[in-house]
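1. Sequence first, then the predicted structure, then my questions.
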Amino acid sequence: MQATSVSTLSIAISSAMLLLVACTDGSMRRLGDGFDAEPSDDGGSQSDTGGSGGSGTGASGGSDNPGPQCMGAETQCGTVCCPNQTHVCNGGVCEPSAETCQYGSTCATGKVCNSAGECQNGCFINNTLYSRGVKNPSNQCESCEAASTTAWTPSAAEGTGCGGGRFCNASGKCGAGCSIGGHVYSIDQRSPSGTCEVCSGSNSTGWSMALAGAECSDGGTVCRFDGECVKAMPVAAGEYHTCGVTPAGRAMCWGKNEYGQLGTGGSDSLIPVGVSGLGSGVIGIGAGLTHGCAIKASGQVVCWGDNNYGQIGVGTSVSQYATPQLVDGLPSEVVSIALGGAHTCAVLVDGTAMCWGYNASGQLGDTTTSTRRYPVAVVGLPSAVVSLTAGYVNTCAILEDSSLWCWGYNAFGQLGDGTSAPSTIPVRPKNLGENMVSVACGAYHTCAVDTDGIVKCWGNNADGQCGRAGGGEFSEAGPSVAGLALNVIGVSAGYDYSCAWTEDGLSMCWGSNSVGQLGDNNAVLKRHTAELVYGLGTGVAGLSKISLRHLCATMASGKVRCWGYNPYGAIGDGSVGSPHPVPTELTMFP
C-alpha cells in the first residue's frame, strides 16, 4: 500500500512538469529549469516491486545523462534557452527576432533594431540608425557610443579639430575658437595669464593681440598698442579744472570750461562729465593750465582747450578747441604725456621726447625759444626718456639711466643747475645722483625722489614749498624735506606747495596753505615741514601732478578724493566757491 502511494506521487509530479512545459509562453528559460525524462510506461508495476524503479527514475537518472536540455521549440543560447518563435541566438545573446523587433527600438543594452529587424550595436537618433562609432554629421566631436542608443555622446578630446578651423571643447561641442595648450578657448576669450592676448579667428592655434583699448584679463588694466597691460594715469589737475580716466578707459573732466578745457563742447561743470568723442580706450590723461590731452590705447594723442600758443599740436592758430583734436606730427606711438602752463610734451615708445606749444623760455628743449604748433624733438638727452613732467614754463625728464635733466625757465633756480639762466636744452640739476625715480615741476620750483625714498626740492621757496625754512630761492637741490618718511615713491607740485606719497600709502604736503591746498584741516597759512593729509590714511596710490592750488589723490580702492581751491568746481563734488581744507570723495567719478 505504501509503495503504491509513492508511485502515484511520482507520476503526478512528472505529469505536472509536463504540464508546465506545455504552458510556457515562448520566453527563454535557464537550462535546468525543467525535467528532461518522462515516467516509464510500466511505472505502476515498478511501484509494485517496491518503488525502486520510481526512485531510480527520479533521483539517480540525472547521473546517467549530461543534464537538462532545451525543449524542441527552444535553442540553447549560452546559458539560456532561447524560444525559437520569438527570439534568435546572436553570438550567445538571445535577442528578439525580426517578427518582434521594431525598427529603432532598443532591443538589448547598447543595441537597437535595424530595418531588417535585427538587433545591432548602434544609436537611433532623429529617426536615423547610426552604427557604433559613427560621428555626428553636424558635430564631429560626438559619436554613437554604447553610453546611449538615443543620443550622441561626446567622444573627442578637448582641442581635437572638427573641421573648418573649429575645435571640440570640453563639453563636446564643435565651434570656432583656439586650441592652445590642450584647451579650447572661444573667440574673443582672453588669455588666463592676465595679458592682452586673446583668441581670435585669425590664429586658431595661438593667442593674438587684443585690440588696443580692450580691458586686460586682470580686470584692472587696459591693453596698450604694444600689447602691454597698463593702468591709466587716473587724475590730472589744471588751473581751475580737473580731468580723470575711469577704469573702463573713459575720459571725464570737471570745473571751468572758459577755453574748452573740459573737452565737452559745453559750459562749466561742477561734476565730472565725459570728454566728447573719446568713448573708452583712454589710457592716460593730462591737464595744463587751460588745456587737456589724453593718450588713446592706440598710442595716439588728442588734445583740447586753449590753443593760443599751439599747445593742442594741430598746427593751427585757432585760439581754442572745445573738443579733442588729434595731435599731428608724432612719428610713433606715445606712452606718456606731460602738460605745462601752455606747452605739451610726450614720450614716444622708443623713449624719444617731443614737445610743442609755448617756448619763450626754451621749455620745449629744441634749442630755440620759438613757439611750436607741431611736435618737435627735445635735443641733447643722452639716453631714452622714462618719465616726463612739465611745470608752468619748464620741463624735466628722468632717463633710463635714472639721471634727471631739466630745461626752460630758470629765474628762481628751478632747473637746479646752480644758475638762474634759462636753458633751451636739457641740463643736469646739481647735488643729485643717478638714482631718481620721480620728479614734479610746480610753477617755479621742482622736487624729485631718489631710490632711497628721499625728497629734495629747489627753486622758489617763498612759501616753504621746497621744504626749507626762511623762504628764498635755491638754484641747487638742497637737503631732504623735513618731516617726510624715508619711503617716498612719488611727488607732486602745485603753484606754491608740494606733496608726496609713500610706499605705505601715506600722503604728506608742505608749502602754502592759503586755500586749504595742503589738505591738513589746519588754518596755518604755510609751513616748510611735511604733514599728513587729513583723513587719507594709508590708502593713497598716487597724486595729480601740476595744478594751481587744488589737488586730487587716487586711492588704492579706486576712489578719488580732491581738496583745495574751488572757485569753479574743480573739486568735482557739485560744490563751488569755498575751499576744501580736507579731501572730499567724489561720488560721480570714477
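-> Structure's in. What do you need?

2. in the stretch 351-500 of the chain, what spans have low per-residue confidence?
-> The stretch 351-500 of the chain contains no residues with pLDDT under 70.

3. Would you map the strands across it?
-> Applying DSSP state E, counting those that start in this stretch to the stretch 351-500 of the chain gives strands spanning 353-357, 372-377, 385-390, 394-399, 404-408, 423-427, 436-441, 445-450, 455-460, 473-474, 488-493, 497-502.

4. Could you check these and tell me which one is nearest residue 199?
-> Among the strands of the stretch 351-500 of the chain, the nearest to residue 199 by Cβ to Cβ is strand 385-390 (33.5 Å). C-beta coordinates here come from the backbone N, C-alpha and C atoms, glycine included.

5. Note down every partner strand of the closest one and its orientation.
-> strand 394-399 (antiparallel) (DSSP bridges).

6. rewinding a little: for the strands of the stretch 351-500 of the chain, give me JSON lines that also has mean neighbour count.
-> As requested, the strands of the stretch 351-500 of the chain are exported to JSON lines (neighbours: other Cβ atoms under 10 Å):
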{"stretch": "strand 353-357", "mean neighbour count": "28"}
{"stretch": "strand 372-377", "mean neighbour count": "19"}
{"stretch": "strand 385-390", "mean neighbour count": "23"}
{"stretch": "strand 394-399", "mean neighbour count": "26"}
{"stretch": "strand 404-408", "mean neighbour count": "28"}
{"stretch": "strand 423-427", "mean neighbour count": "20"}
{"stretch": "strand 436-441", "mean neighbour count": "24"}
{"stretch": "strand 445-450", "mean neighbour count": "27"}
{"stretch": "strand 455-460", "mean neighbour count": "28"}
{"stretch": "strand 473-474", "mean neighbour count": "18"}
{"stretch": "strand 488-493", "mean neighbour count": "24"}
{"stretch": "strand 497-502", "mean neighbour count": "26"}
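
7. In a markdown table: these, plus distance to residue 560.
-> Shown next, in a markdown table, are these (distance: least, Cβ to Cβ, whole Å):
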| stretch | distance to residue 560 |
| --- | --- |
| strand 353-357 | 27 |
| strand 372-377 | 30 |
| strand 385-390 | 20 |
| strand 394-399 | 25 |
| strand 404-408 | 29 |
| strand 423-427 | 33 |
| strand 436-441 | 19 |
| strand 445-450 | 22 |
| strand 455-460 | 23 |
| strand 473-474 | 33 |
| strand 488-493 | 14 |
| strand 497-502 | 14 |
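
8. Which helix or which strand is home to residue 162?
-> Using DSSP states H and E, residue 162 sits within strand 161-163.

9. List of residues touching that strand?
-> Strand 161-163 has contacts (Cβ atoms under 8 Å, 6 or more residues apart in numbering) with 139-141, 156, 167-168, 174, 179.

10. buried sites along stretch 104-113?
-> 104, 107-108, 110-113 (16 or more other Cβ atoms under 10 Å).

11. low-confidence ranges in this protein?
-> For the chain, the ranges with pLDDT under 70 are 1-68, 85-86, 97-100, 194, 211-213, 215, 217-221, 231-233.

12. roughly how far out does the longest strand along it sit from the chain middle?
-> When the chain is scanned for its longest strand (criterion: DSSP state E), the result is strand 577-585. Chain-centre distance of strand 577-585: 35 Å, with Cα atoms, centre = their mean, to the nearest Å.

13. Tell me which strands that strand pairs with, and in which orientation.
-> strand 560-566 (antiparallel).

14. tilt between the strand it pairs with and strand 497-502?
-> Relative orientation of strand 560-566 and strand 497-502, computed by axes from the mean of the first three to the mean of the last three Cα atoms, to 10 degrees: 170 degrees.

15. what comes into contact with strand 560-566?
-> 234-235, 237, 242, 244, 515-517, 519, 533, 536, 547-555, 570-573, 575-586, 589-590.

16. again, but for stretch 302-320
-> With Cβ under 8 Å, 6+ apart, stretch 302-320 has contacts from 259-263, 275, 278, 288-294, 296, 301, 321-329, 339, 342-344, 356-358, 371-375.

17. Looking at the contacts of strand 161-163, which are in strands?
-> Per DSSP E, the contacts of strand 161-163 map to strands at 139-141, 167-168, 174, 179.

18. Can you select the buried ones from the residues you listed in ChimeraX?
-> Remark: buried members of these, expressed as a ChimeraX selection using 16+ other Cβ under 10 Å:
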select :139,140,141,167,168,174,179
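
19. Show me which of the ones in strands among the contacts of strand 161-163 is closest to residue 214.
-> Nearest member of the ones in strands among the contacts of strand 161-163 to residue 214, counting by Cβ to Cβ, is residue 179, at 22.0 Å.

20. That closest one and residue 242: what is the separation?
-> 48 Å (Cβ to Cβ, to the nearest Å).

21. Also residue 230?
-> For residue 230, the distance to residue 242 - Cβ to Cβ - is 21 Å.

22. And those two? Which one has more around it.
-> Counted by other Cβ atoms under 10 Å, residue 230 and residue 242 do not tie: residue 242 has more neighbours, with 32 against 19.

23. ok, now how distant is the nearest residue to residue 182 once chain neighbours are set aside from residue 183?
-> Leaving aside its sequence neighbours, residue 182 sits nearest to residue 159 (Cβ to Cβ, 6 or more residues apart in numbering; 5.7 Å). When Cβ to Cβ is applied, the distance between residue 159 and residue 183 equals 7 Å.

24. All set, thanks.
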